[in-house]
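have a look at this prediction, sequence included:
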Amino acid sequence: MKALYGGCAGVLFLGLGIWKRDVLFPTETTRVRNALVQLASDASFGPSEGNIGAVRRVSAVADRFAADSSIDVDILGSGSFQLTGRDEVQQRLMAARRFVRKLVLQFHDIVVDLGADETTASVHLTATADAVGEGKYQGGFDALEFELALRKVEGRWQIERLRTVPTLKQ
């Protein structure tokens, strides 16, 4: 009986040790995923958020992009958008916030492929958005696939390129 309790305690401590290792010493793949989840959280906002909170969130989102980043997004029904550089990303996000009262952005099925040097990564993910806007900016997209290229700069993962994956159009 004591052997059974000892074995159960040993398995429990081993599981706890593995879990703690992953929390205290995450892999680069986990760091990329965490950065993207935080990006989605920072990009999301509610109708009661004030101007100071909006500026803070937009700044946090823009800081996730490299200074020379490029964005090419094609949303069926809304058109195509091309942005270049962190400053343009920040300006467009601030302008877009005027037309959207609520946005909930989520990333699903995040697949990270690290480069051999572990300072670059390519990511494929599906994003969903629930948006409430004004006038012609009524709703968000249901789901879009994105490809991202990231690089690690001074210990932080930044997006160099973001583009929608081409889909069939009617």
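Arrived safely. Residues are numbered from 1 along each chain as shown.

tell me where this protein has helices.
Along the chain, the stretches classed as helices by DSSP state H are 2-24, 28-43, 51-62, 86-97.

which ones are touching the most centrally placed residue in the chain?
The centre of the chain sits closest to Leu36, judged by CA atoms, centre = their mean, with a distance of 2.8 Å. Each residue near Leu36 by CB atoms under 8 Å, 6 or more residues apart in numbering is listed here: Phe107, Ile110, Val123, Leu125, Leu148. Using the backbone N, CA and C atoms, a C-beta is placed for each residue, glycine as well.

state the distance from it to Ser78.
Note on Leu36: its distance to Ser78, by CB to CB, to the nearest Å, is 22 Å.

same check, this time on Ala43
Counting by CB to CB, the gap from Ala43 to Ser78 is 17 Å.

among these two, which residue is more densely surrounded?
Neighbour count, other CB atoms under 10 Å: between Ala43 and Ser78, Ala43 has more, with 20 against 13.

surely the more buried one and Leu105 touch.
Yes: with contact defined as CB atoms under 8 Å, Ala43 reaches Leu105; the gap is 4.7 Å.

what pLDDT is listed against Glu49?
For Glu49, the pLDDT comes out at 77.

ok, the residue lying closest to it once chain neighbours are set aside - how many residues close by?
Excluding the flanking residues, the one nearest Glu49 by CB to CB, 6 or more residues apart in numbering is Arg57, at 7.6 Å. Neighbour count for Arg57, taken as other CB under 10 Å: 18.

and Arg57, what does it touch?
Arg57 touches Asp42, Ala43, Phe45, Glu49, counting by CB under 8 Å, 6+ apart.

with Val123 instead?
Val32, Leu36, Ile110, Val111, Val112, Asp113, Phe146, Glu147, Leu148, Ala149, Leu150.

next one: the residue lying closest to Asp142 once chain neighbours are set aside from Ala121, what distance?
What sits nearest to Asp142 in space, not counting adjacent residues and going by CB to CB, 6+ apart, is Thr128, at 6.6 Å. Note on Thr128: its distance to Ala121, by CB to CB, is 22 Å.
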